[in-house]
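*Asks:* Got a sequence here, can you build the structure:
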Amino acid sequence: MSFLKNFYRIILVPDLINKFNYTNLESLPKIQKITVNIGWKTPELRNLLLSLLALELITSQKAVITFTKSSKLSIKVKKGLPSGCKVTLRANLIYQFVYRLVNEIFPRLKSFKGLKFKKPTLKANEIQALTFSVLETLTFPELEKNYHLFKNIGKLDITVSIKAKHHNELFFILKSLKLPLISYF
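*Replies:* Numbers count the residues shown, from 1 in each chain. Model prediction:
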């Protein structure tokens, strides 16, 4: 079991119960999933294959090709063409990936000041998402070793989906996991 999962179970859950007065453990806020995505405007086979390989190296999980849902005449994209690839992390892989981001990847980014996000819209028991981009994808050691292959990989979009009832709970979990946040609300 990963360090962050133990931290969540042993330290963060009692803190959430005490701070927000929970009586039911099932209603506690928690990370549902993390989606890692690389998108392309033009569907070139070489870019798609390199993106698939890069995501599999970064996350240690099989990546899936995504397709466009609608036609966009302004950028000459037809419906049903490949537009990128993604990986959805769940269970233990979530905590391993967050730990790796916070301790290995963010410190290696040049001119990184923190993650910016806007005020999320919350409804009762709705899953909220924090989306941010890593522009320097070559900060991952797996990709850096093979620079000649992955030098033209696009930006990496990471979406963290958290089930929370209030903004305060969402902010509390993100700060407790040591995600470097710049702005909130």
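*Asks:* now the helices: where do they sit in the protein?
*Replies:* For the chain, the helices defined by DSSP state H cover 3-7, 13-20, 45-59, 92-100, 106-108, 141-144, 147-150, 167-176.
*Asks:* quick one: average confidence on the second one?
*Replies:* Right, helix 13-20. Helix 13-20 shows a mean pLDDT of 90.
*Asks:* any idea how far T68 lies from L109?
*Replies:* 30 Å (CB to CB, to the nearest Å). Heads up, the C-betas are built off the backbone N, CA and C, glycines and all.
*Asks:* More neighbours: the two, which one.
*Replies:* Comparing T68 with L109 by neighbour count (other CB atoms under 10 Å), the higher total belongs to T68, at 15 against 12.
*Asks:* ok, S161 to K113 distance?
*Replies:* 24 Å.
*Asks:* Same check on L174?
*Replies:* Distance from L174 to K113, by CB to CB: 16 Å.
*Asks:* Among the two, which residue is more densely surrounded?
*Replies:* L174 (21 against 8).
*Asks:* what's the neighbour count on L101?
*Replies:* So L101, with other CB under 10 Å, has 22 neighbours.
*Asks:* Pairing partners for the residue most central in space within the chain in the sheet, please.
*Replies:* Nearest to the geometric centre of the chain sits I158, at 2.9 Å (CA atoms, centre = their mean). Counting by DSSP bridges, I158 is bridged to V36, F132.
*Asks:* ok, now which ones touch it?
*Replies:* By CB atoms under 8 Å, 6 or more residues apart in numbering, the contact list for I158 reads 34-37, 101, 131-134.
*Asks:* What of S133?
*Replies:* 155-158.
*Asks:* does T159 really touch T35, like I thought?
*Replies:* Yes: using CB atoms under 8 Å, T159 makes contact with T35 at a distance of 4.4 Å.
*Asks:* okay, and the common contacts of the two?
*Replies:* Contacts common to T159 and T35, judged by CB under 8 Å, 6+ apart, are absent.
*Asks:* ok, the contacts of S133 vs L57, which is closest?
*Replies:* Among the contacts of S133, L156 lies closest to L57 (CB to CB), at 11.9 Å.
*Asks:* burial measure for the closest one, as a count.
*Replies:* L156, neighbours per other CB under 10 Å, totals 23.
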